[in-house]
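Engineer: I need the structure of the sequence given here:
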Amino acid sequence: MQLDWQKNPLIPVIAQDAETNEVLMLAYMNEEAYNLTLETGFAHYFSRSKQRIWKKGESSNHTQEIKDILIDCDADTIILKIKQNGVACHTGRKSCFFTSAVQEKIILEKEVNTDAIYGVVDTLYHTILERKNADDSQKSWTKKLLNDKELMLSKIREEANEVCVAINEESDEQVIYESADLLYHTLVGLGYREISPDRVKQELARRFGMSGIEEKENRKK
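Structural biologist: Okay, the predicted model is just below:
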(Lines give C-alpha, C1' and ligand atoms only; values in the text may rest on other atoms or scores of the structure.)
Protein backbone atom coordinates (compact mmCIF):
# COMPACT_ATOMS: atom_id res chain seq x y z
CA MET A 1 0.00 0.00 0.00
CA GLN A 2 1.32 3.42 -0.98
CA LEU A 3 1.29 6.33 1.44
CA ASP A 4 -0.09 9.58 0.04
CA TRP A 5 2.50 12.12 1.23
CA GLN A 6 0.87 14.92 -0.75
CA LYS A 7 -2.34 14.48 1.20
CA ASN A 8 -0.64 13.76 4.55
CA PRO A 9 2.86 15.31 4.74
CA LEU A 10 3.09 14.22 8.39
CA ILE A 11 1.77 10.80 9.38
CA PRO A 12 1.32 9.62 13.00
CA VAL A 13 3.43 6.60 13.90
CA ILE A 14 2.87 4.23 16.82
CA ALA A 15 5.96 2.39 18.05
CA GLN A 16 4.98 -1.01 19.46
CA ASP A 17 7.17 -3.66 21.06
CA ALA A 18 7.34 -6.51 18.55
CA GLU A 19 7.30 -9.19 21.26
CA THR A 20 4.96 -7.86 23.94
CA ASN A 21 2.77 -5.56 21.76
CA GLU A 22 3.21 -2.84 24.39
CA VAL A 23 2.66 0.64 22.91
CA LEU A 24 5.80 2.62 23.67
CA MET A 25 5.37 6.00 21.99
CA LEU A 26 3.70 8.02 19.28
CA ALA A 27 5.62 10.26 16.89
CA TYR A 28 5.39 11.53 13.31
CA MET A 29 7.07 10.79 10.01
CA ASN A 30 7.39 12.73 6.81
CA GLU A 31 8.40 11.02 3.59
CA GLU A 32 12.12 11.48 4.21
CA ALA A 33 11.91 9.98 7.70
CA TYR A 34 9.89 7.05 6.38
CA ASN A 35 12.42 6.35 3.61
CA LEU A 36 15.32 6.56 6.08
CA THR A 37 13.51 4.08 8.32
CA LEU A 38 13.11 1.66 5.41
CA GLU A 39 16.70 2.11 4.24
CA THR A 40 18.45 1.83 7.62
CA GLY A 41 16.22 -0.54 9.55
CA PHE A 42 16.05 1.95 12.44
CA ALA A 43 13.21 4.31 13.30
CA HIS A 44 13.54 7.89 12.07
CA TYR A 45 10.94 10.54 12.79
CA PHE A 46 10.17 14.16 12.02
CA SER A 47 10.17 16.21 15.21
CA ARG A 48 7.55 18.95 15.20
CA SER A 49 9.26 20.69 18.11
CA LYS A 50 12.79 20.45 16.67
CA GLN A 51 11.56 20.92 13.09
CA ARG A 52 13.97 18.35 11.71
CA ILE A 53 14.48 14.65 11.02
CA TRP A 54 15.80 12.70 14.01
CA LYS A 55 16.90 9.13 14.46
CA LYS A 56 15.41 7.66 17.60
CA GLY A 57 18.34 7.21 19.98
CA GLU A 58 20.66 9.66 18.23
CA SER A 59 21.65 11.12 21.63
CA SER A 60 20.82 8.29 24.03
CA ASN A 61 21.64 5.31 21.79
CA HIS A 62 18.20 3.96 22.77
CA THR A 63 17.45 3.01 19.19
CA GLN A 64 14.43 1.24 17.71
CA GLU A 65 15.19 -1.68 15.40
CA ILE A 66 12.46 -2.26 12.85
CA LYS A 67 10.88 -5.71 12.81
CA ASP A 68 7.82 -4.82 10.70
CA ILE A 69 5.93 -1.80 9.40
CA LEU A 70 2.12 -1.90 9.35
CA ILE A 71 0.01 0.64 7.44
CA ASP A 72 -3.66 1.14 8.30
CA CYS A 73 -6.55 0.83 5.85
CA ASP A 74 -6.65 4.56 5.04
CA ALA A 75 -2.88 4.68 4.54
CA ASP A 76 -2.55 7.57 6.97
CA THR A 77 -1.26 5.88 10.15
CA ILE A 78 1.72 3.59 10.71
CA ILE A 79 2.57 1.01 13.36
CA LEU A 80 6.26 0.19 13.77
CA LYS A 81 6.87 -3.22 15.28
CA ILE A 82 10.22 -2.68 16.95
CA LYS A 83 12.91 -3.98 19.23
CA GLN A 84 13.46 -1.15 21.71
CA ASN A 85 17.06 -0.81 22.83
CA GLY A 86 16.98 0.92 26.20
CA VAL A 87 13.88 3.00 26.94
CA ALA A 88 11.48 4.75 24.58
CA CYS A 89 10.65 7.87 26.58
CA HIS A 90 12.89 10.91 26.98
CA THR A 91 11.90 10.95 30.68
CA GLY A 92 13.83 7.71 31.20
CA ARG A 93 10.75 5.48 31.34
CA LYS A 94 10.19 2.40 29.19
CA SER A 95 7.04 3.85 27.60
CA CYS A 96 5.85 7.41 26.97
CA PHE A 97 2.43 6.40 28.33
CA PHE A 98 3.12 6.48 32.06
CA THR A 99 0.39 8.70 33.50
CA SER A 100 -2.96 7.14 34.42
CA ALA A 101 -5.92 9.54 34.16
CA VAL A 102 -8.11 7.06 36.06
CA GLN A 103 -5.67 6.48 38.91
CA GLU A 104 -4.44 10.09 38.72
CA LYS A 105 -0.83 9.09 39.19
CA ILE A 106 2.36 8.07 37.41
CA ILE A 107 2.39 4.30 36.94
CA LEU A 108 5.90 3.79 35.52
CA GLU A 109 9.13 4.69 37.30
CA LYS A 110 12.21 6.06 35.57
CA GLU A 111 14.74 3.45 34.54
CA VAL A 112 17.43 5.77 33.17
CA ASN A 113 19.17 8.96 34.37
CA THR A 114 18.23 11.34 31.57
CA ASP A 115 20.59 14.11 32.73
CA ALA A 116 23.56 11.96 31.78
CA ILE A 117 22.08 11.18 28.35
CA TYR A 118 20.49 14.37 27.10
CA GLY A 119 22.29 16.96 29.21
CA VAL A 120 20.88 19.29 31.80
CA VAL A 121 19.44 21.85 29.34
CA ASP A 122 17.27 19.40 27.39
CA THR A 123 16.19 17.60 30.55
CA LEU A 124 15.25 20.90 32.20
CA TYR A 125 13.29 21.99 29.11
CA HIS A 126 11.24 18.80 29.13
CA THR A 127 10.65 19.19 32.88
CA ILE A 128 9.32 22.68 32.16
CA LEU A 129 6.92 21.21 29.59
CA GLU A 130 5.76 18.68 32.17
CA ARG A 131 5.06 21.53 34.59
CA LYS A 132 3.19 23.37 31.83
CA ASN A 133 0.89 20.43 31.25
CA ALA A 134 0.44 19.67 34.95
CA ASP A 135 -2.76 20.35 36.85
CA ASP A 136 -2.98 23.91 38.22
CA SER A 137 -3.27 22.45 41.71
CA GLN A 138 0.39 21.41 41.47
CA LYS A 139 2.11 24.55 42.69
CA SER A 140 5.56 25.43 41.38
CA TRP A 141 7.50 28.55 40.42
CA THR A 142 7.73 27.27 36.85
CA LYS A 143 3.95 26.80 36.64
CA LYS A 144 3.42 30.29 38.09
CA LEU A 145 5.68 31.81 35.42
CA LEU A 146 3.96 29.88 32.64
CA ASN A 147 0.56 31.07 33.85
CA ASP A 148 1.65 34.71 34.06
CA LYS A 149 3.34 35.89 30.87
CA GLU A 150 4.10 39.38 32.16
CA LEU A 151 5.79 37.97 35.25
CA MET A 152 7.78 35.58 33.08
CA LEU A 153 8.95 38.35 30.73
CA SER A 154 9.85 40.65 33.62
CA LYS A 155 11.96 37.87 35.20
CA ILE A 156 13.85 37.28 31.94
CA ARG A 157 14.62 41.02 31.72
CA GLU A 158 15.61 41.13 35.39
CA GLU A 159 17.92 38.11 35.13
CA ALA A 160 19.54 39.45 31.94
CA ASN A 161 20.35 42.70 33.74
CA GLU A 162 21.75 40.80 36.72
CA VAL A 163 24.07 38.85 34.41
CA CYS A 164 25.34 42.14 32.99
CA VAL A 165 25.95 43.54 36.48
CA ALA A 166 27.71 40.34 37.55
CA ILE A 167 29.99 40.33 34.50
CA ASN A 168 30.89 43.97 35.10
CA GLU A 169 31.31 44.01 38.87
CA GLU A 170 31.15 40.63 40.61
CA SER A 171 32.96 37.31 41.09
CA ASP A 172 33.14 34.43 38.61
CA GLU A 173 30.88 32.40 40.90
CA GLN A 174 28.23 35.13 40.83
CA VAL A 175 28.44 35.34 37.02
CA ILE A 176 27.81 31.58 36.87
CA TYR A 177 24.93 31.80 39.37
CA GLU A 178 23.20 34.65 37.54
CA SER A 179 23.77 33.01 34.14
CA ALA A 180 22.08 29.84 35.42
CA ASP A 181 19.10 31.94 36.54
CA LEU A 182 18.91 33.60 33.11
CA LEU A 183 19.17 30.27 31.28
CA TYR A 184 16.40 28.74 33.40
CA HIS A 185 14.01 31.67 32.84
CA THR A 186 14.85 31.73 29.11
CA LEU A 187 14.02 28.01 28.91
CA VAL A 188 10.69 28.75 30.60
CA GLY A 189 10.08 31.30 27.83
CA LEU A 190 10.94 28.71 25.20
CA GLY A 191 8.61 26.27 26.94
CA TYR A 192 5.83 28.88 26.93
CA ARG A 193 6.23 29.11 23.14
CA GLU A 194 6.99 25.36 22.85
CA ILE A 195 10.22 26.05 20.98
CA SER A 196 12.72 23.26 21.56
CA PRO A 197 16.24 24.37 22.58
CA ASP A 198 17.39 22.08 19.79
CA ARG A 199 16.21 24.76 17.35
CA VAL A 200 18.44 27.31 19.09
CA LYS A 201 21.34 24.87 18.70
CA GLN A 202 20.48 24.52 15.01
CA GLU A 203 20.58 28.31 14.61
CA LEU A 204 23.95 28.52 16.35
CA ALA A 205 25.26 25.74 14.10
CA ARG A 206 24.02 27.66 11.05
CA ARG A 207 26.09 30.66 12.11
CA PHE A 208 29.38 28.77 12.31
CA GLY A 209 31.75 30.09 9.67
CA MET A 210 29.73 33.31 9.34
CA SER A 211 31.01 36.57 10.79
CA GLY A 212 28.79 38.50 13.17
CA ILE A 213 28.66 41.41 10.72
CA GLU A 214 27.58 39.10 7.89
CA GLU A 215 24.92 37.48 10.07
CA LYS A 216 23.44 40.86 10.99
CA GLU A 217 23.45 41.96 7.35
CA ASN A 218 21.55 38.78 6.40
CA ARG A 219 18.85 39.61 8.94
CA LYS A 220 18.09 42.86 7.11
CA LYS A 221 17.41 41.11 3.78
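Engineer: how far out from the middle of the chain is stretch 82-94?
Structural biologist: Between the mean C-alpha location of stretch 82-94 and the chain-wide mean there is a distance of 15 Å, by Cα atoms, centre = their mean, to the nearest Å.
Engineer: Ok, stretch 122-136 next?
Structural biologist: In terms of Cα atoms, centre = their mean, the centre of stretch 122-136 is set 11 Å apart from its chain centre.
Engineer: and what of stretch 24-37?
Structural biologist: Going by Cα atoms, centre = their mean, where stretch 24-37 is centred and where its chain is centred differ by 16 Å.
Engineer: which residues are in contact with that stretch?
Structural biologist: Identification of contacts with stretch 24-37 by Cβ atoms under 8 Å, 6 or more residues apart in numbering yields 3, 5, 9-17, 43-48, 53, 55-56, 66, 69, 78, 80, 82, 84, 88-89, 94-97. Using the backbone N, CA and C atoms, a C-beta is placed for each residue, glycine as well.
Engineer: Spell out which residues sit in contact with the residue nearest the centre of the chain, please.
Structural biologist: The chain has residue 196 as the residue nearest its centroid, 5.7 Å off, counting by Cα atoms, centre = their mean. Residues counted as contacts of residue 196 (Cβ under 8 Å, 6+ apart) are 47, 49, 50, 51, 125, 190.
Engineer: repeat that with 10 Å
Structural biologist: Contacts for residue 196 were tallied using Cβ atoms under 10 Å, 6 or more residues apart in numbering; they are 47, 48, 49, 50, 51, 52, 122, 125, 126, 129, 190, 202.
Engineer: ok, the last one touching residue 53?
Structural biologist: Translated: residue 202. No - the criterion here is Cβ atoms under 10 Å, and residue 202 misses it with residue 53 at 11.8 Å.
Engineer: just to revisit the earlier point, could you measure from the residue nearest to the centre of the chain over to residue 76?
Structural biologist: In this view, residue 196 and residue 76 are 25 Å apart by Cβ to Cβ, to the nearest Å.
Engineer: quick revisit: just the buried ones from the contacts of stretch 24-37?
Structural biologist: Using 16 or more other Cβ atoms under 10 Å as the burial test, the contacts of stretch 24-37 include 3, 11, 13-17, 43-46, 55-56, 66, 78, 80, 82, 84, 88-89, 94-97 as buried.
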